[in-house]
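Colleague: Sequence first, then the predicted structure:
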Amino acid sequence: MNTGLAAIDPLPLATRLHALVSVRDVAEALQAAAAGVDTIDLKDPSDGALGGLPLPVIAAIVAALRGWAGDMSVNAISISATVGDWPAAARAAILRRVDRVAACGVDQVKVGTSMHDVDAAVALIDALAAHARSTGIAIVPVLIADDGIASACIAAVRRGGFAAVMLDTADKRGGSLLQRRPAAELAAWVEALRGPGMRVGLAGALMPADIPALRALSPDYAGFRSAVCAGDRRLGLDAGRLAALLVALG
Ligand SMILES: O=C[C@H](O)COP(=O)(O)O
């Protein structure tokens with residue numbers, strides 16, 4: 001497939017923070033890929049922090065990105081997708097959705113959990129770990145950190161042996177994750193979660209101005225949507241903001 005988009009060589013990964021950018025449709029996904037985003041994350045930003053896209057949309061974006069990578073001789077393009085916003089107690093439904101999203105061909109399936117019901121969140125994380133082991137699906141738990149993260153959830157993620165974990169915020173209006181939570185607390189979470197084979201990602205209305213503090217926390221990757229939209233994360237990607245973000249991460 002020839003999209004007509006020019007490929008821009010990504011900066012070497014060793015020299016910049018790995019960037020995850022959330023997109024909502026084929027056009028945005030190709031725009032992000034062409035700009036050099038490392039992980040293209042499929043999400044419906046108009047449906048909250050963890051809004052899930054319809055399965056046919058996910059499948060169409062995956063097909064377009066795989067075709068683009070082939071046309072551009074890009075060795076690998078990493079694609080994640082969220083399952084949508086579910087209460088943690090809806091474990092069976094969440095696992096069914098994980099299977100359906102994975103079947104669309106994404107590399108990682110992101111599943112968020114709030115801290116409102118810690119017992120349900122821990123049970124969900126344990127169920128996700130077991131499901132990942134039995135199916136081979138790369139599941140990434142996303143811990144919603146607006147009001148802190150329960151230590152029991154940190155422990156569950158650690159024992160789950162996931163390939164990656166993300167911290168994110170649900171409310172995008174009250175500043176970035178780095179403004180919402182104390183630096184020492186964030187550093188302790190990153191340290192507690194980072195383990196053999198587990199990559200730690202940070203997100204939550206992060207802006208280019210957060211990048212120095214973000215670097216000090218040294219996550220393995222950082223996720224963005226608000227920073228690459230013109231004012232409202234529900235609106236389309238802004239090419240200038242996306243390019244500036246990638247430069248700032250360099
Ligand atoms: O997974 C990452 C999020 O989509 C980032 O979105 P945000 O920058 O609006 O918090």
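Modeller: Looks like it came in fine.
Colleague: can you give me the helices in this structure?
Modeller: Per DSSP state H, the chain carries helices over the ranges 26-35, 55-71, 91-102, 118-135, 151-160, 177-180, 183-193, 211-217, 239-248.
Colleague: Enumerate every residue touching Gly148.
Modeller: Met115, Arg181, Glu185 (Cβ atoms under 8 Å, 6 or more residues apart in numbering). For glycine as for every other residue, the C-beta is placed from the backbone atoms N, C-alpha and C.
Colleague: would CSV of the residues you listed with pLDDT be doable?
Modeller: Converted to CSV, the contacts of Gly148 look like this (pLDDT from 0 to 100):
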residue, pLDDT
Met115, 95
Arg181, 97
Glu185, 98
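Colleague: ok, those vs Val228, which is closest?
Modeller: Ranked by distance to Val228 (Cβ to Cβ), the contacts of Gly148 are led by Arg181 at 22.0 Å.
Colleague: Quick one: neighbours of that closest one, just the number.
Modeller: Counted with other Cβ atoms under 10 Å, the neighbours of Arg181 add up to 20.
Colleague: So for it, what's the nearest residue that isn't a sequence neighbour?
Modeller: Nearest residue to Arg181, sequence neighbours excluded (Cβ to Cβ, 6 or more residues apart in numbering): Ala145, at 6.2 Å.
Colleague: For stretch 36-55, measure first residue to last.
Modeller: Stretch 36-55 stretches 25 Å from its first residue to its last (Cα to Cα, to the nearest Å).
Colleague: Show me which parts of that stretch are buried, residue by residue.
Modeller: Neighbour-count burial for stretch 36-55 flags 36-45, 48-53 (criterion: 16 or more other Cβ atoms under 10 Å).
Colleague: Quick check: mean pLDDT of stretch 237-249?
Modeller: Here stretch 237-249 scores 96 as its mean pLDDT.
Colleague: what's around Leu193, how many residues?
Modeller: Leu193 has 24 neighbours, counted by other Cβ under 10 Å.
Colleague: Contact partners for the residue lying closest to Ala69 once chain neighbours are set aside?
Modeller: Closest residue in space to Ala69, ignoring its immediate chain neighbours: Ile77 at 4.5 Å, by Cβ to Cβ, 6+ apart. Shown in contact with Ile77 (Cβ under 8 Å, 6+ apart): Ala33, Ile40, Leu65, Arg66, Trp68, Ala69.
Colleague: how near is Ile77 to Arg234?
Modeller: With distances taken as Cβ to Cβ, to the nearest Å, Ile77 is found 25 Å from Arg234.
Colleague: Next: Leu30.
Modeller: In this view, Leu30 and Arg234 are 19 Å apart by Cβ to Cβ.
Colleague: the more surrounded of those two?
Modeller: Leu30 (21 against 15).
Colleague: how far away is that one from Ile40?
Modeller: Applying Cβ to Cβ to Leu30 and Ile40 gives a distance of 9 Å.
Colleague: okay, and the common contacts of the two?
Modeller: Residues within reach of Leu30 and of Ile40 at once, by Cβ under 8 Å, 6+ apart, are Leu65.
Colleague: From the buried residues of stretch 36-55, list the ones also adjacent to the ligand.
Modeller: Among the buried residues of stretch 36-55, proximity to the ligand is found for Asp41, Lys43 (Cβ under 6 Å from any ligand atom).
Colleague: Go through stretch 170-187 and flag the buried ones.
Modeller: Across stretch 170-187, burial judged by 16+ other Cβ under 10 Å covers Ala170, Lys172, Ser176, Leu177, Leu178, Arg180, Arg181, Leu186.
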